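In: take a look and give me a structure for this.
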Amino acid sequence: MFAYEEVVAALESETAVLAGVLEGLSEEGAVSPTRCEPWDVAALAAHAVGAVLRVDGMLDAQAPGRGVELVSAAGYYAPDVRFSSEVNGERVRSAVEAAARRADAGEPGRVLREGWAALSARLAAEDGGRRVFTRHGDPMFLRDFLVTRVVEVVLHGWDLADALGREPWTTRSGLDLVTRLVFGAADRAALERVFPGVWSGGAAAEAAVRAVTGRSEGGVERDALSAAGVRFLALG
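Out: Numbering: from 1, shown residues only. Modelled structure (predicted):
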């Protein structure tokens, strides 16, 4: 469904834009509340940066064996222990503590830019066949795990933009990849009836993804969308 090169390119484009936004963050902006309570912008930024740079350590770890059943990108968002109250509590705590240690508001952006420079060089030497373990113990193709990193920076990019009162900075490649993950298994005609224009990309696709990931004010026809094959991702 996804080619390794396109996934890396989408993650690179999203990371570059996010780094620029975070580097220019003011202290007033950093303490703005977000929909991801109890995180403020600084804590959410720390979480998003960590979600991307976590890949570096995964490349250093032992790879899963060939006989292990692999988890897909969509399967990563299953509503299991990774989104339990205990795991969510640790996720919240670690981001809050990381934000509290920042030297200034723009530090997460600098960390992301510097970390991505090193990580991108490593990714360029890999291919879609590399296997990794996630921090939750999921064996995955590196390609599929990187898809989840694009999901993280796109969705949390919207959370940050909304909190800062800014227009979203989502790249076309990033939005296209997330749209395909969420709606790729759906009946195209049935989905079009609920979200007109979703397959054309742009604002219609963003509105549709926001709706099914809890980032819009309006509700969704969940039963109809589930029947059409839409993947509702479990999100922490």
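In: quick one: Thr179 is in a helix?
Out: Yes: counting by DSSP: H, G, I helix; E, B strand; the rest coil, Thr179 is found in a helix.
In: wouldn't it be in contact with Ala203 here?
Out: No: applying CB atoms under 8 Å as the test, Thr179 and Ala203 come out as separate, 12.0 Å apart. Just so you know, the C-beta spots here come from the backbone N, C-alpha and C atoms, and that holds for glycine as well.
In: between the two, which one's more packed in?
Out: Applying other CB atoms under 10 Å to Thr179 and Ala203 shows that Thr179 carries more neighbours, namely 19 against 11.
In: who's in contact with the more buried one?
Out: Thr179 makes contacts with Val198, Gly201, Ala205, Ala208, Val209, as judged by CB atoms under 8 Å, 6 or more residues apart in numbering.
In: try it again with 10 Å
Out: Val154, Val198, Trp199, Gly201, Ala204, Ala205, Glu206, Ala208, Val209 (CB atoms under 10 Å, 6 or more residues apart in numbering).
In: for these, which one is nearest Glu167?
Out: Closest to Glu167 out of the contacts of Thr179 is Glu206 (11.0 Å), distances taken as CB to CB.
In: tell me which strands and helices the host helix or strand of the closest one is in contact with?
Out: Assigned by DSSP states H and E, Glu206 belongs to helix 202-212. Judged by 3 or more CB pairs under 10 Å, 6 or more residues apart in numbering; DSSP states H and E, helix 202-212 is in contact with helix 142-164, helix 172-183, helix 188-194, helix 222-227.
In: let me know the outermost residue of the protein.
Out: Gly67 (28.2 Å; CA atoms, centre = their mean).
In: for it, what are phi and psi?
Out: Backbone torsions of Gly67, given as degrees, to the nearest 10, read phi -90, psi 0.
In: what comes up buried for the helix holding Glu206?
Out: The neighbour-count check on helix 202-212 (16 or more other CB atoms under 10 Å) flags Ala204, Ala205, Glu206, Ala207, Ala208, Val209, Arg210, Ala211, Val212 as buried.
In: now distance to Leu53 and pLDDT too, for these, in JSON lines please.
Out: Below are these laid out as JSON lines (distance: CB to CB, whole Å; pLDDT from 0 to 100):
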{"residue": "Ala204", "distance to Leu53": "32", "pLDDT": "93"}
{"residue": "Ala205", "distance to Leu53": "27", "pLDDT": "94"}
{"residue": "Glu206", "distance to Leu53": "26", "pLDDT": "95"}
{"residue": "Ala207", "distance to Leu53": "30", "pLDDT": "92"}
{"residue": "Ala208", "distance to Leu53": "29", "pLDDT": "92"}
{"residue": "Val209", "distance to Leu53": "24", "pLDDT": "94"}
{"residue": "Arg210", "distance to Leu53": "26", "pLDDT": "93"}
{"residue": "Ala211", "distance to Leu53": "30", "pLDDT": "90"}
{"residue": "Val212", "distance to Leu53": "27", "pLDDT": "90"}
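In: how near is the nearest residue to Arg215 once chain neighbours are set aside to Val178?
Out: Computed as CB to CB, 6 or more residues apart in numbering, the closest residue to Arg215 that is not its neighbour in sequence is Trp158, at 5.5 Å. If you measure Trp158 against Val178 using CB to CB, to the nearest Å, the figure is 10 Å.
In: who has more neighbours out of these two?
Out: Neighbours per residue (other CB under 10 Å) separate Trp158 from Val178, with Val178 holding more: 25 against 20.
In: how about the nearest residue to that one, chain neighbours excluded?
Out: Nearest residue to Val178 in three dimensions, chain neighbours excluded: Val154, at 4.9 Å (CB to CB, 6+ apart).
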